[in-house]
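[1] need the 3D shape of this:
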Amino acid sequence: MNWHEIKTQADIDYLQKVYHDFEDSVLVSYTFESGNYVDDDEVSWEYNSNKLSLLFQRMDHDPFSIEIVFDYTKRLNFFAPVGALDKWGSGIDFAKIAKNDEWFYWTKWSDFDPCNEEHLNYNDFILIEARYVKWRVIK
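    Numbering: from 1, shown residues only. Now for the predicted structure:
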């Protein structure tokens with residue numbers, strides 16, 4: 001399927017509508033690539049593109065599965081207190097992508113405000129922060 005790059009609030013609203021605000025979805029898998037490597041001459045190359053890919057599935061086929069890619073990921077906070085399985089394990093009731101002037105955010109916190117400095121300093125909730133975001137439906 002085609003990739004949809006997120007640049008504007010309208011792009012975010014479209015994803016939220018297509019994937020029903022992530023209602024009744026689960027995170028199936030995620031992969032991370034730093035973009036760094038050591039070549040055959042044992043020279044380290046550091047690009048720090050920090051590409052994070054997440055695969056979600058919903059208990060619905062409209063659409064069933066999407067992949068979201070976060071490029072130049074700055075923060076990956078998968079906070080889940082011991083015993084609180086509902087943080088990831090039992091599914092997602094709601095999640096959103098939000099943005100400020102510089103960064104995009106993915107979170108399950110409905111009241112998260114990316115322009116509120118206090119919210120950006122909390123560390124007890126799920127949050128991904130990245131420079132670029134794109135997504136696609138997986139068939």
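[2] ok but F32 is inside a helix, no?
    No - under DSSP: H, G, I helix; E, B strand; the rest coil, F32 falls outside any helix and is assigned strand.
[3] what distance do you get for W45 to F32?
    From W45 across to F32, the span is 17 Å (CB to CB, to the nearest Å). The C-beta positions use only the backbone N, C-alpha and C, and glycine is treated the same way.
[4] more neighbours: the two, which one.
    A side-by-side neighbour count of W45 and F32, using other CB atoms under 10 Å, places F32 first with 12 against 9.
[5] any weak-confidence spans in this protein?
    79-90 (pLDDT under 70).
[6] quick one: the strands in it?
    Using DSSP state E, the strands of the chain run over 4-6, 25-33, 37-38, 44-45, 51-58, 65-77, 96-99, 104-107, 127-138.
[7] tabulate these (JSON lines), appending distance to L120.
    Compiled in JSON lines, the strands of the chain are given as follows (distance: least, CB to CB, whole Å):
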{"stretch": "strand 4-6", "distance to L120": "19"}
{"stretch": "strand 25-33", "distance to L120": "21"}
{"stretch": "strand 37-38", "distance to L120": "31"}
{"stretch": "strand 44-45", "distance to L120": "31"}
{"stretch": "strand 51-58", "distance to L120": "18"}
{"stretch": "strand 65-77", "distance to L120": "9"}
{"stretch": "strand 96-99", "distance to L120": "11"}
{"stretch": "strand 104-107", "distance to L120": "9"}
{"stretch": "strand 127-138", "distance to L120": "8"}
